[in-house]
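# sequence and predicted structure below; questions after.
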Amino acid sequence: MSLPLAETGPQAQPPRSSPERLKVLVDLLSSMRFAISLLTVICIASVIGTVLQQNQPAVNYVNQFGPFWAQLFGELHLYSVYSAWWFLLILGFLVVSTSLCIARNTPKILVDLKTFKENIREQSLRAFGQHAEADFSEAPEGLARRLGEGLVQGGWKVRLQQRDTSAGPGTGWMVAAKAGAANKLGYIAAHSAIVLICLGGLLDGDLIVRAQMWFNGKAPYAGAGLIADVPARHRLSENNPTFRGNLMVAEGTQSSTAILNQSDGVLLQELPFAVELKKFIVEHYSTGMPKLFASEIVIHDKATGALTEARVEVNHPVNYHGIEIYQSSFDDGGSKVRLQALPLDSDGARFEVEGVIGGSTGLTRSQTGEKFNLEFSALRVINVENFAGQGGPSGSGVDVRKVDLRDSVEARLGAANKVMTKKELRNVGPSITYKLRDAAGQAREFHNYMLPVDMGDGGAPVMLLGMRETPAEPFRYLRVPVDDQGGMDSFLRLRKALGQPKLREQAVARYVALAIDPSKPELARQLQASASRALDLFVGNPAAAKGSDRPAGGLQAVADFIESNVPEAERPRAGEVLIRILNGVLFQLEQLSREQAGLKPWPNEAKTQAFMTQAVLSLSDVQAYPVPLTFVLKDFTQVQASVFQVARAPGKTVVYLGCALLILGVFAMLYVRERRVWIWVRPESDGTRATMALSSNRKTMDGDREFEHLKIKLLGLAPASRDAAEGPAPN
């Protein structure tokens, strides 16, 4: 019977036991490579969290990155990096890894701190790069004690060891000294600091909140409505050990519920007290930038009913029972506004509407039955703008669509070579921001100033009516000239008269009668035809332009007509003539509208010419205004609100301690050198011989100078060179 032969090749490894697997896992977690890898990932994530604004509305990310990338980044939790599960997991692994590293190396370091390594052999001393020998006439014991005392005076810790030599038992002495032990303590301090800082970050981060969501049934709230109506599963207890949220309080009101923003909604944090805002104070620089935010508050303790008055300023928080109250920002607290609707077409009616900032009201256009929702977005009482250089090409006022106050300010920011540019800062008064949302839910945003603005270009003062299609765009401003009463009535009458054919005919006839001698009827008929043609082009045909990006009329329609019907060489002259005729007819139309209103005609002066120049431009651009009416601010009652950040941060002290240890540890490792000195003293036939060696954890020029100093001081040897002996030796 034959036995099967065993196959040649590598033998199978026996399965590892549980202790071996645990040892491998501990070695991996406590390795430097693993810790550095974790630190690298955390640094990359922190850069992302710094560059990418966190916890913003989802629509902002869609506008910035597009639907695909916005969704992908959301799945990776890049919009809330510091509360993402993977970030907290990596932070936890870093704590474990660093803790294991400390636990594995600290005993060795502590043992090394206690040892002087006095058992080193004489042959080993001669192998050191820095060693020296000298002969003495003293006895070995006396010499060893003298050398030891010299080292002690220099700040070294010294231990003497008596050894046997060939001359007899106990005749040799080893002087072992050490200094700079704080270098290794710096290693422990720096690594402990990393653990403490990470633990503080975990305590003050979203880990506790996330744990309550995972294990306590809490969930973010994504709906709308009153805070009092939010169910309990979306609320966190007053005893929550750590949180950081926002608390908005309007003047004269109080609140005790903070908002914790999450990536998919909000959590409500109940506070053990209520904050009442008595007065919000904001001071501005001459540039319009805020100089001071301050809130005078009263804290109402829920448990005791005690009232505590305090003042919260930026960088000066108030601490109440372990909860810090910071001044974060300010907002509108529900200001009441009264707006007047002004029709920009020829058949609209005026009316007034009242509302509260943050609220909305429904509107219906009587001519078409079209429904709108008017949303009151913001009230700004102070608007400081830079009007320097308004007479330049970008601010000449020729093209109303290029007027952008924000761009006017930003154009003067940037490189240092612009710091000497003259600035003309003016407060142009209050403004109102509102949205008009149609039945389909699409909204346009408008920003209108309450008072006329003198643009400083020599033209007529204007009302600025801003509009933008999306929040990502800057506002584009329509500039409407104001009359001698400081309002837009004259312009609106002219706009309405422009839509009445009979008045247009009368204006053309009056213009021709004033411009042509009655004895030249043929020339009068030609001018009348040209004037009527120019005015019809300016009025335009809205039905024909429906669905087109180009305006129905205005100066663009006149330019298109000239380009299509006049040879290129004659276009400048033809354009001049048509514009002059158009300006004259519109002036007569304005005079007719004033006569109908029972007002005196405009005098023929520079102020009138400035008004008409701007009126022609505004009549042209108003055709591109997307809605047939605008709302101007007539009156308001401002109610300010203060936004506080409330935080219970038990990890703050831990982080501060970690930062202190990190500073001490880094300085100890960088600026403290661990040094050891050995001096072997043994008897010789003609005296005593001393062999000295120095060891340092870093080879530096200071170490070389220190060794030369010890050679001179202890062994009495001459310096190797003049440069080596210069300078005091470090302790």
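Good, I have the coordinates.
# report all helices and strands that the top helix by length along the chain contacts.
Secondary structure of the chain per DSSP state H: the longest helix is helix 85-114. Judged by 3 or more C-beta pairs under 8 Å, 6 or more residues apart in numbering; DSSP states H and E, the packing partners of helix 85-114 are helix 18-29, helix 32-51, helix 182-204, helix 207-215. In short, each C-beta sits where N, CA and C put it, glycine included.
# and the next element down the chain from that helix?
Note on helix 85-114: by DSSP states H and E, the next helix or strand toward the C-terminus is helix 122-126.
# thought residue 696 was touching residue 677, still the case?
No: using C-beta atoms under 8 Å, residue 677 makes no contact with residue 696, being 9.8 Å away.
# looking at the two, which has the bigger crowd around it?
The neighbour count for residue 677 versus residue 696, taken as other C-beta atoms under 10 Å, is higher for residue 677 (24 against 21).
# tell me the pLDDT at residue 711?
You'll see residue 711 listed with a pLDDT of 90.
# just residue 9 next, same as before
Per-residue confidence (pLDDT) for residue 9: 45.
# please apply the same query to residue 206.
Residue-level pLDDT assigned to residue 206 equals 79.
# swap in residue 389?
The score at residue 389 is 54. That number is its pLDDT.
# the one 3 residues further on too?
In this model, residue 392 is scored at 36, pLDDT.
# centre of the chain to the host helix or strand of residue 615, how far?
Counting by DSSP H and E, the element that carries residue 615 is helix 606-621. Distance of helix 606-621 from its chain centroid, counting by C-alpha atoms, centre = their mean, to the nearest Å, is 42 Å.
# on contacts alone, who are the packing partners of that helix?
Using 3+ C-beta pairs under 8 Å, 6+ apart as the test, helix 606-621 ends up in contact with strand 476-481, helix 489-498, helix 554-565, helix 571-596.
# the first one vs helix 606-621, what angle?
Interaxial angle, strand 476-481 versus helix 606-621 (axes from the mean of the first three to the mean of the last three C-alpha atoms, to 10 degrees): 140 degrees.
# direction included, what does strand 476-481 pair up with?
Its sheet considered, strand 476-481 pairs with strand 462-468 (antiparallel) by DSSP bridges.
# in the partner strand, which residues are buried?
Within strand 462-468, the residues that count as buried by 16 or more other C-beta atoms under 10 Å are 462, 463, 464, 465, 466, 467.
# could you dump those residues into JSON lines and include pLDDT?
Listed next are the buried residues of strand 462-468 as JSON lines, based on pLDDT from 0 to 100:
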{"residue": "462", "pLDDT": "91"}
{"residue": "463", "pLDDT": "92"}
{"residue": "464", "pLDDT": "92"}
{"residue": "465", "pLDDT": "93"}
{"residue": "466", "pLDDT": "93"}
{"residue": "467", "pLDDT": "93"}
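# helices of the stretch 401-550 of the chain, start to end?
Secondary structure of the stretch 401-550 of the chain by DSSP state H, counting those that start in this stretch: the helices cover 405-410, 489-498, 501-515, 521-539.
# can you tell which of those helices is closest to residue 232?
For residue 232, the closest of these is helix 405-410, at 44.5 Å, according to C-beta to C-beta.
# what's near enough to touch the residue nearest to residue 509 when sequence neighbours are not counted?
The spatial neighbour of residue 509 that comes closest, neighbours along the chain excluded (C-beta to C-beta, 6 or more residues apart in numbering), is residue 528 at 7.2 Å. Residues in contact with residue 528 (C-beta atoms under 8 Å, 6 or more residues apart in numbering) are 508, 509, 512.
# just the buried ones from the residues you listed?
Among the contacts of residue 528, the ones that count as buried by 16+ other C-beta under 10 Å are 508, 509, 512.
# of these, just say which sits nearest to residue 710.
Distances from residue 710 to the buried ones among the contacts of residue 528, taken by C-beta to C-beta, are shortest for residue 508, at 110.5 Å.
# beyond the helix holding residue 615, next helix or strand please.
With elements assigned by DSSP H and E, the helix or strand that comes after helix 606-621 is strand 629-637.
# just name the closest of the buried residues of strand 462-468 to residue 602, please.
Checking those against residue 602 with C-beta to C-beta, the nearest one is residue 462 at 17.3 Å.
# any idea what the nearest residue to that closest one once chain neighbours are set aside is bridged to?
Distance criterion C-beta to C-beta, 6+ apart; nearest residue to residue 462, sequence neighbours excluded, is residue 479 at 3.9 Å. Judged by DSSP bridges, the bridge partners of residue 479 are residue 464.
# surely residue 479 and residue 460 touch.
No: using C-beta under 8 Å, residue 479 makes no contact with residue 460, being 9.2 Å away.
# tabulate the buried ones among the contacts of residue 528 (JSON lines), appending distance to residue 239 and pLDDT.
Conversion of the buried ones among the contacts of residue 528 to JSON lines gives the following (distance: C-beta to C-beta, whole Å; pLDDT from 0 to 100):
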{"residue": "508", "distance to residue 239": "82", "pLDDT": "91"}
{"residue": "509", "distance to residue 239": "85", "pLDDT": "91"}
{"residue": "512", "distance to residue 239": "87", "pLDDT": "90"}
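# what's the spacing between residue 557 and residue 537?
Residue 557 is 5 Å from residue 537, where distance means C-beta to C-beta, to the nearest Å.
# correction: residue 29
Residue 29 is 81 Å from residue 537, by C-beta to C-beta.
# ok, the two, which is more surrounded?
Between residue 29 and residue 537, counted using other C-beta under 10 Å, residue 537 has the larger neighbour count: 21 against 17.
# just checking, the more buried one touches residue 553?
Yes: using C-beta under 8 Å, residue 537 is in contact with residue 553, at 6.5 Å.
# with adjacent residues omitted, what lies nearest to residue 448?
Using C-beta to C-beta, 6+ apart, the nearest residue to residue 448 is residue 465, at 5.1 Å.
# which residues does that neighbour contact?
By C-beta under 8 Å, 6+ apart, residue 465 lies in contact with 446, 448, 477, 478, 479, 480, 625, 630.
# if you set the cut-off to 7 Å instead, what comes out?
Applying C-beta atoms under 7 Å, 6 or more residues apart in numbering, we find residue 465 in contact with 448, 477, 478, 480, 630.
# the first one and residue 433 touch, don't they?
Think residue 448. No: taking C-beta atoms under 7 Å as the definition, residue 448 is not a contact partner of residue 433, at 8.1 Å.
# more crowded one of those two?
Counting neighbours by other C-beta under 10 Å for residue 448 and for residue 433 shows that residue 448 has the greater number, 23 against 17.
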